[in-house]
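> sequence and predicted structure below; questions after.
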Amino acid sequence: MPDSAPAPRPTPQPDSNPDRMRAVARYSGIGAQMAATIGLSTWAGYWLDTHYRTETPWFTLGLMLLGLFAALYNVIRAVTKEQ
């Protein structure tokens, strides 16, 4: 019976520090953009609800959901674009 030792795996090379910082900046920018999109759309809905004196916050809910979907679309587009 021959001695069949598993082949050694190559060691992964660590990313360079500038590449890592660029990725951190990119993803933190995406997070800030997502927060701004949802926050501004929610504020706009709240403003419309107070301007038209609605009894239920339909503008707030609707624009908040619209902002959420728009932000998620931008995140998915940004992440898949880099691959």
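Cool, got the structure.

> so which other helices or strands are in contact with the longest helix anywhere in the chain?
What stands out as the longest helix in the chain, according to DSSP state H, is helix 17-52. In terms of contacts (3 or more C-beta pairs under 8 Å, 6 or more residues apart in numbering; DSSP states H and E), helix 17-52 is packed against helix 58-82. Just so you know, the C-beta spots here come from the backbone N, C-alpha and C atoms, and that holds for glycine as well.

> other residues contacting the helix it packs on?
26, 30, 33-34, 37-42, 44-46, 48-49, 52 (C-beta atoms under 8 Å, 6 or more residues apart in numbering).

> got the buried residues for that helix?
Using 16 or more other C-beta atoms under 10 Å as the test for burial, helix 58-82 gives F59, T60, L63, M64, L66, G67, A71, V75.

> quick one on the thing from earlier: now do the longest helix of the chain: distance to the chain's middle.
9 Å (C-alpha atoms, centre = their mean, to the nearest Å).

> for it, what does the pLDDT average out to?
Averaged across helix 17-52, the pLDDT comes to 92.

> how many neighbours does Y52 have?
The burial count assigned to Y52 is 9, neighbours taken as other C-beta atoms under 10 Å.

> distance of it relative to L63?
13 Å (C-beta to C-beta, to the nearest Å).
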